[in-house]
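[1] sequence plus the predicted model coming up.
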Amino acid sequence: MIKRLTFFKIAILTCFACSTINSVKGQPFDKEPAWVKKTGARKFPSSKTTFSVNKYGAKGDGQTLNTIAIQSAIDACAAAGGGVVVFTPGSYVTGSLFVKSNVQLQIDKGVEILGSQNFADYPEIDTRIAGIEMKWPAALINVIGQNKAAITGAGTINARGKFCWDKYWTMRKEYEAKGLRWIVDYDAKRVRTILVQNSTDVSLVGVTVKNAGFWTVQLLYSSYITVNGIVVRNNEDGKGPSTDGVDVDSSTWVLIEKCDIDCNDDDFCLKAGRDYDGLRVNKPTEFVVIRKCIARKGGGLLTLGSETSGGIRHVWATDLIGKGTGNGLHIKSATTRGGTIEDIHFRNIQMDSVGTAFQFTMNWNPAYSYSTLPAGYNYDSLPQHWKVMLTKVEPVEKGIPHFKQVYVSDIKAVGVKKVVNAAGLKESLLEDFHYNNVQVQGNSAGTVSYATGWVFNNVSFSGADGAALQVSNSQNMKSL
């Protein structure tokens, strides 16, 4: 029977205890799984032959459009069997570049890549964006359909994305007035900064990326990818919308480490497709390690979703710091997404001044998540991606997401607004969440609803308002 639970409260602490819980395949939930060591790029471009973009006509004067010259150097490097593409110090304006197999694009200190502010310099390609496959501008730097490639160096990639932000805000105002909030993000077609798509053994190392027009780094349909030591600074020219830090999108065997993210949406985000189209593609994100990273401003230190259709599983997130993010650990979906989130490990994490430490919802942002065509539109004349977004998930049960086997251990957080905001569904309870050695101080302890099998061991949720954690419509919640 589902019942309301009232927890014993001492002063402003709500305390819980439980016995040791085992993870999947019998492993203790605090023990590193064997698969962790298999993540990341297995190969790196081996040739050290250099190809200077300047010898192909590139000019680092901050004004000349160098797309053709830089791409010529990349193509020559690939044709020769691989090597390192280099720049003399300077600022290089360019549109979309396409890195190829066996090529290392080396952006050294003193080199700045400046994104063109002309949409015409970013040709449309077949890709997936925000969970659906469609035509979309290529990113500033792309690795598409390649094997063994790298983007490295201590230099800077400045996407100069304000031209995308301005376009979006103008369109959003117009679309919202027409009841079209759900489609404006897709029609705006903003430019990503780095895209790795349908590729294997790719390394992104050391570069600083600024002012993304849209998502900063997207890893799509790819495997064995390393993102090491990149710095993201998306707040220099204003607060651009949807400037995620690193998005892992239906990709596997990914290692992200030693990164420093300051953006205006999710800092680190795992995705796996949206609604009808995501369920059709049905590619999971799995075997992902995120470690020794810091998230500053942004929507969430680590977010799973809301694009969950293909499933997200086997995630090991450890040794992370969140400072001032909107949420700490965030799992989100919607009732048309479907997919299962499972075997997720959050461990050894410190948070300071985040909005909500633990945010779990299956009905996220309804104005964005659910597509309804207003009266007065002719369906037959709609763009194809509108039709995809409007395709209903049937049966409706297929759209219900599931969250289970989430392991949270060794967490300390202070200055949060709310400790927990967790809401499952009557049709899909938040299942088997295990908290071990977690201390969080906030304005309020928060709420849990529609949950089952939650276990707490050495946990304190401290709310300054003095109220205990409120748990409703839940069962098998263990506090010993």
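    Perfect, I can see it now.
[2] and the pLDDT at Asn235?
    The model reports Asn235 with a pLDDT of 84.
[3] so which residues of the stretch 151-300 of the chain form helices?
    162-177, 181-188, 275-281 (DSSP state H, counting those that start in this stretch).
[4] with mean pLDDT, mean neighbour count and distance to Phe346 added, can I get those in TSV?
    From N, CA and C alone the C-beta is placed, and that goes for glycine too. TSV is the format used below for these (pLDDT from 0 to 100; neighbours: other Cβ atoms under 10 Å; distance: least, Cβ to Cβ, whole Å):
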stretch	mean pLDDT	mean neighbour count	distance to Phe346
helix 162-177	97	16	31
helix 181-188	97	19	28
helix 275-281	98	21	24
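[5] next, format those as a markdown table and append distance to Trp215.
    Converted to a markdown table, the helices of the stretch 151-300 of the chain look like this (distance: least, Cβ to Cβ, whole Å):
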| stretch | distance to Trp215 |
| --- | --- |
| helix 162-177 | 11 |
| helix 181-188 | 11 |
| helix 275-281 | 17 |
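[6] for those, which one sits closest to His402?
    helix 275-281 (13.4 Å; Cβ to Cβ).
[7] for the stretch 301-450 of the chain, just list every one of the helices.
    Counting by DSSP H, counting those that start in this stretch, the helices of the stretch 301-450 of the chain are 366-369, 384-390.
[8] ranking the ones you listed by burial, who's on top?
    Of all the helices of the stretch 301-450 of the chain, helix 384-390 carries the top mean neighbour count, a mean of 17, counting by mean count of other Cβ atoms under 10 Å.
[9] domain parsing for this structure?
    1-31+400-413+426-480, 95-354+363-396 (automatic domain parsing).
[10] which strand in the protein has the most residues?
    strand 402-423 (DSSP state E).
[11] outside of stretch 406-413, which residues touch it?
    For stretch 406-413, contacts defined as Cβ atoms under 8 Å, 6 or more residues apart in numbering pick out 21, 23, 29-30, 328-329, 331, 341, 344-352, 354, 357-358, 419, 432-442.
[12] weed out the non-buried ones from the residues you listed.
    21, 23, 29-30, 328-329, 331, 341, 344-351, 354, 357-358, 419, 432-438, 440-442 (16 or more other Cβ atoms under 10 Å).
[13] so of these, which ones are in strands?
    Reading strands off the buried ones among the contacts of stretch 406-413 with DSSP E, I get 328-329, 331, 341, 344-351, 357-358, 419, 432-438, 440-442.
[14] show residues contacting stretch 175-187.
    Contacts of stretch 175-187 (Cβ under 8 Å, 6+ apart): 129-130, 132, 134, 168, 171-172, 242, 367-372, 374, 383, 385-386, 389.
[15] for the chain, name the helix or strand with the lowest mean pLDDT.
    Lowest on mean pLDDT, DSSP states H and E among the helices and strands of the chain sits strand 9-10, with a mean of 30.
[16] quick one: the closest residue to Val416 other than its chain neighbours from Thr67, how far?
    Counting by Cβ to Cβ, 6 or more residues apart in numbering, Gly442 is the residue found nearest to Val416 once chain neighbours are left out, at 3.8 Å. Relative to Thr67, Gly442 is positioned 49 Å away (Cβ to Cβ, to the nearest Å).
[17] do Val406 as well
    45 Å.
[18] neighbour-wise, which of these two wins?
    Val406 (25 against 17; other Cβ atoms under 10 Å).
[19] pLDDT score for the closest residue in space to Val420 that isn't next to it in sequence?
    Excluding the flanking residues, the one nearest Val420 by Cβ to Cβ, 6+ apart is Gly446, at 3.9 Å. Note for Gly446: predicted pLDDT of 97.
[20] show me the contacts for Gly446.
    Contacts of Gly446 by Cβ under 8 Å, 6+ apart are 356, 358, 418-422, 461, 463, 469-470.
[21] ok, so of these, who is nearest Ser47?
    Using Cβ to Cβ, those come closest to Ser47 at Phe358, 47.1 Å.
[22] residues in contact with that closest one?
    By Cβ under 8 Å, 6+ apart, the contact set of Phe358 is 328-329, 408, 419-422, 446.
[23] swap in 10 Å and give it another go.
    Contact partners of Phe358, counting by Cβ atoms under 10 Å, 6 or more residues apart in numbering, are 327-331, 346, 351, 406, 408, 411, 413, 416, 418-422, 433, 435, 438, 440, 446, 448, 461.
[24] and for Gly115?
    Neighbours of Gly115 in contact, by Cβ under 10 Å, 6+ apart: 93-96, 121-122, 139-141, 157-161, 163-164, 191, 193, 210-213.
[25] give me that answer again for 8 Å
    Residues in contact with Gly115, defined by Cβ under 8 Å, 6+ apart, are 93-95, 140, 157-161, 191, 193, 213.
[26] from Lys135, how far off is the residue lying closest to Arg172 once chain neighbours are set aside?
    Excluding the flanking residues, the one nearest Arg172 by Cβ to Cβ, 6+ apart is Val184, at 5.0 Å. For Val184, the distance to Lys135 (Cβ to Cβ) stands at 17 Å.
[27] likewise for Gly446?
    Relative to Lys135, and taking Cβ to Cβ, Gly446 is found at 42 Å.
[28] and Gly145, by the same measure?
    17 Å.
[29] Ala80 too?
    For Ala80 relative to Lys135 (Cβ to Cβ), the value is 32 Å.
[30] if we can go back for a sec, from the contacts of Gly446, pick the one nearest Ser223.
    For those, the minimum distance to Ser223 (Cβ to Cβ) is 29.7 Å, reached by Phe358.
[31] could the contacts of Gly446 be laid out in TSV, adding distance to Glu397?
    Shown next, in TSV, are the contacts of Gly446 (distance: Cβ to Cβ, whole Å):
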residue	distance to Glu397
Thr356	29
Phe358	27
Lys418	31
Val419	32
Val420	27
Asn421	25
Ala422	22
Phe461	33
Gly463	36
Leu469	30
Gln470	29
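[32] neighbouring contacts of stretch 160-169?
    By Cβ under 8 Å, 6+ apart, stretch 160-169 touches 114-115, 117, 119, 184-185, 188, 190-191, 193, 211-214, 234, 237-238, 240-243.
[33] can you say which of the residues you listed are buried?
    For the contacts of stretch 160-169, buried by 16+ other Cβ under 10 Å: 114-115, 117, 119, 184-185, 188, 190-191, 193, 211-214, 234, 240-243.
[34] would you map the strands across the stretch 51-200 of the chain?
    Shown for the stretch 51-200 of the chain, the strands assigned by DSSP state E, counting those that start in this stretch span residues 61-65, 83-86, 90-94, 97-98, 103-106, 111-115, 124-129, 132-137, 141-144, 147-152, 156-158, 194-197, 200-205.
[35] export these to CSV and tack on distance to Asp319?
    Output for the strands of the stretch 51-200 of the chain, formatted as CSV (distance: least, Cβ to Cβ, whole Å):
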stretch, distance to Asp319
strand 61-65, 39
strand 83-86, 31
strand 90-94, 35
strand 97-98, 33
strand 103-106, 28
strand 111-115, 30
strand 124-129, 30
strand 132-137, 34
strand 141-144, 27
strand 147-152, 23
strand 156-158, 26
strand 194-197, 24
strand 200-205, 19
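[36] out of these, which gets nearest to Ser251?
    strand 194-197 (8.1 Å).
[37] that'll do, ta.
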